[in-house]
Structures are given as structure tokens and as C-alpha cells.
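Novice: got a structure for you, letters missing:
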């Protein structure tokens, strides 16, 4: 039993660390907007730097993961992630913030690829669908990060101090788990030269499913607090609860996802999830009440919880493409949408309104239901 539990703990710690740092950032976006006096379009530009950083990092991280082993590269990047959130907190001008978010996006994106590749190795070792449990730890971490943001906002703690303390505490708590022993698969004969990792063949549809989910998650991460404050009239402290409620829901659903996938199959789970997520965003669009908006974000969490984990499991088990490259290609669309979607939402909101922008997100979430059949693969359930 220890041989199984130990690697699960290590990967879970990596996911939790990554989630906490993103949750810290997401929860303090309104404070950054106020401190730098940003418009919706200006925030969209800053988020674009973060998204571009992630997109550039995906193919590099995938090749490094296959070449040196996912676990080794994930440990390197985890340290860089801790540094990057501190730099974001210390950025007192728009220009410095753009550079810090570019670096933060690169670290966050690279760690997404490597820790998911590592997770796929442990999933095969355990011989059952546990990818969602790792993503549950990410959501738990993101919720803790958002809760820390609520506490920091309530106590009027500055962003710089908040992010520095978060990095120190997170590194101290989760760093030792990342050092647990694990030997990754090494595949040195991999393709090189691509600037962006793009899916091909059957993975294209898998990537589009991940895109619909990633855009839905990214919209909650970067815009839920602003939406609750500006569109629904919540105060700044309560506005931070949108991402927290979403993250807690994701944790609960992802912990239950393994048995659901085994019983119903990934196609049924993804199809139902896409419909529920779209309904959640429609609820946000149609309501004038903050508490109903929170319920909408909860539905989004229910619907999207298992989608990206299933997409990455499908990619990692592709018979033609090495796991690191396959995950990187799906991540380009999935996490690319999560990171580049929010800037697009900002531009749409500036031209129309946040409600219209969220309606577009609802339509993209419905794509998950349409293309759910692409997640059918051996070892992921009956479908």
C-alpha cells in the first residue's frame, strides 16, 4: 500500500501548490485593478501576457518532461512558480505587472504540463482513473488560495505582503512532499521545433473539449470577482467568494469523479457536465442577485469538474504520441483557453457587457456536450 499512496501524495502536493498560487492571484484581481487603475480592456491586455507566457511554455515543458522525466521538471518549475507569484505582488506599475504575469504564466503553464504528465504515470501505476483526484487537489488549493485572498482583503493586507507570505507558507508545507521518490518515464526520441504544441488526429476533438472547459474555468478564475462586484453589486470581500465557491464545488465533484467515470463512462460524464456548466453560466447572465450568481458558479464547478482530467487522461494514453507532447498539445487548447479566454472576455465586456461575454462562455461550454464522444478510450470507463 505505501508504494501506491506515496506517489499519489507527491503529485497531489504539486497540484495543490499550483492551485494555491493561481487562487491567490484570482482573489486579488479586483485589488490589482484598483491599485493600477485598470479598465476592463487594460486588465484584458495584462491577462493576455499571462496567457501568452503559458502557451509558449507548453511545448517546451512537454519536451523537457519526456526527455528528463516529468517529476524532475515539475520540481524545478514548482520553485519558479513560488518566485513568480512574489514578483507579481511586488509589481507596482502596469509595465512591471505585464512582465511579472508573463513569467507567472510561463511557470504556471509549464507546471500544468509536467504535473499532469507525472499524474498520468501514477494513474497507470495505480491502474484506475485517479486523474480527477489530482485535479481535486488543484481545486482545493485554488480554494485555499481564494480563501487567503478573502482574509487578506478583509484585513486590508497589501497584495505584495499577501503574495510573499503565500509563497513562503506554500513552499514550506508542500515542498517536502514533492521530494518523495518517483522515477519518471524517459523518452528521448521526441519531436522538436514546434513553437506551439497543437493536437493532431483524434486529439483535435479532445483539445476542443478541453478548450470549452478551460474557457469556462478561466472565466470564473479571472472574472467571477469582477462580475459579482460590477454586474451584480456585491462588495469586494463577498465578490471573492465566487471563485471560492466554484473551487470548493470542483474539489467535491473531482473526488467523486473516479467512481462516476468507472460506472457511467467518460462520454456520459462529459456530456452531462457540458450541459450543466452551460446552464450555470446562463443563470449568471440572467440573474440580478449576487447569491444566485454564486449558485451559477457552483453549477459551473459541478459541470466542469471532471472534463479536463478526462481530456488529459485520454491524451496521456494516446497510442501514437508520447504523453508529454500529447498533454502539451491538449493543454494548448485547454489551458490556452483558460488563460487567453479571460483577455477576450475583457475585450467583449468592454465592447458590450460582462453578461454578453458570459453568454459566449456558456455557448462554448455546450461544445463539451457535443464533442464528448472524443473522450472514449480504453481504460477510462465503459464508454
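Specialist: Cool, got the structure. Everything numeric here is computed off the predicted structure, so don't read it as measured data.
Novice: mind listing residues that contact stretch 350-357?
Specialist: 39-41, 44, 219, 223, 226-227, 230-231, 284-285, 345-346, 348-349 (Cβ atoms under 8 Å, 6 or more residues apart in numbering). To be clear about C-beta, it is placed using only N, CA and C from the backbone, and glycine gets the same treatment.
Novice: check which residues of the top helix by length along the chain are buried.
Specialist: Determined from DSSP state H, the single longest helix within the chain is helix 94-126. For helix 94-126, a neighbour-count test (16 or more other Cβ atoms under 10 Å) marks 97, 100-124 as buried.
Novice: point out the least confident member of the contacts of stretch 350-357, please.
Specialist: Minimum pLDDT across those is recorded for residue 40, with 74.
Novice: show the contacting residues for that one.
Specialist: Applying Cβ under 8 Å, 6+ apart, the residues contacting residue 40 are 226, 346, 349-350, 354.
Novice: out of those, which is most surrounded?
Specialist: For those, the largest number of neighbours (other Cβ atoms under 10 Å) sits with residue 346, at 26 neighbours.
Novice: ok, residue 94 - contacts?
Specialist: 36, 38, 42, 46.
Novice: related to what we said a few turns ago, now distance to residue 144 and secondary structure too, for the contacts of residue 40, in CSV please.
Specialist: What follows is these, written out as CSV (distance: Cβ to Cβ, whole Å; DSSP: H, G, I helix; E, B strand; the rest coil):
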residue, distance to residue 144, secondary structure
226, 21, helix
346, 26, helix
349, 28, helix
350, 32, helix
354, 26, helix
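Novice: could you double-check that residue 143 sits in contact with residue 252?
Specialist: No: between residue 143 and residue 252 there is no contact under Cβ atoms under 8 Å: 10.3 Å.
Novice: tell me which of these two has more neighbours.
Specialist: residue 143 (23 against 17).
Novice: what about this structure, any weak spots by pLDDT?
Specialist: Low-confidence segments of the chain (pLDDT under 70): 1-5, 181-197, 319, 323, 339, 377-383.
Novice: assign a three-state SS to residue 288, would you?
Specialist: coil (DSSP: H, G, I helix; E, B strand; the rest coil).
Novice: go on, residue 201?
Specialist: Relying on three-state DSSP, one would call residue 201 coil.
Novice: and it, how far from residue 9?
Specialist: Residue 201 is 35 Å from residue 9, where distance means Cβ to Cβ, to the nearest Å.
Novice: also residue 230?
Specialist: Taken as Cβ to Cβ, the span from residue 230 to residue 9 is 41 Å.
Novice: reformat the contacts of residue 94 as JSON lines; add neighbour count, secondary structure and distance to residue 64.
Specialist: Shown next, in JSON lines, are those (neighbours: other Cβ atoms under 10 Å; DSSP: H, G, I helix; E, B strand; the rest coil; distance: Cβ to Cβ, whole Å):
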{"residue": "36", "neighbour count": "16", "secondary structure": "helix", "distance to residue 64": "34"}
{"residue": "38", "neighbour count": "18", "secondary structure": "coil", "distance to residue 64": "34"}
{"residue": "42", "neighbour count": "15", "secondary structure": "helix", "distance to residue 64": "34"}
{"residue": "46", "neighbour count": "25", "secondary structure": "helix", "distance to residue 64": "27"}
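Novice: please say which of residue 230 and residue 9 ends up with more neighbours.
Specialist: Under the criterion of other Cβ under 10 Å, the comparison of residue 230 against residue 9 puts residue 230 first, with 17 against 14.
Novice: show the contacting residues for that one.
Specialist: residue 354.
Novice: what's the answer for residue 138, then?
Specialist: 15-16, 18-19.
Novice: tell me which two in the residues you listed are the farthest apart.
Specialist: 16 and 18 (7.4 Å; Cβ to Cβ).
Novice: about what we covered before: among the contacts of residue 40, which two are most distant?
Specialist: 226 and 350 (12.0 Å).
Novice: before we move on, the earlier item: list the residues that contact both of residue 16 and residue 18?
Specialist: Shared contacts of residue 16 and residue 18, counting by Cβ under 8 Å, 6+ apart, come down to 138, 141.
Novice: could you dump the contacts of residue 94 to TSV with distance to residue 373?
Specialist: Shown next, in TSV, are the contacts of residue 94 (distance: Cβ to Cβ, whole Å):
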residue	distance to residue 373
36	45
38	41
42	41
46	37
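Novice: of these, which is the nearest to residue 162?
Specialist: Nearest member of those to residue 162, counting by Cβ to Cβ, is residue 36, at 15.7 Å.
Novice: I'd guessed that closest one sits against residue 97; true?
Specialist: Yes: with contact defined as Cβ under 8 Å, residue 36 counts as touching residue 97 (6.5 Å).
Novice: list the contacts for residue 52?
Specialist: 102, 105, 340.
Novice: could you redo the last one with a cut-off of 7 Å?
Specialist: Shown in contact with residue 52 (Cβ atoms under 7 Å, 6 or more residues apart in numbering): 102, 105.
Novice: ok, it to residue 172 distance?
Specialist: 31 Å.
Novice: next, give phi and psi for residue 92.
Specialist: Dihedral pair for residue 92: phi -100, psi 0, per degrees, to the nearest 10.
Novice: could we number from 28 for the rest of this?
Specialist: Shifting the count to begin at 28 puts that one at residue 119.
Novice: neighbours of it, how many?
Specialist: For residue 119, the count of nearby residues is 12 (other Cβ under 10 Å).
Novice: thinking again about what came up before, ok now the helix or strand following the longest helix of the chain, how far from the chain's centre?
Specialist: The first helix or strand that comes after helix 121-153 along the chain, using DSSP states H and E, is helix 158-181. Centroid separation for helix 158-181 versus its chain: 11 Å, with Cα atoms, centre = their mean, to the nearest Å.
Novice: how about residue 326: what's its closest non-neighbour residue?
Specialist: Counting by Cβ to Cβ, 6 or more residues apart in numbering, residue 307 is the residue found nearest to residue 326 once chain neighbours are left out, at 3.0 Å.
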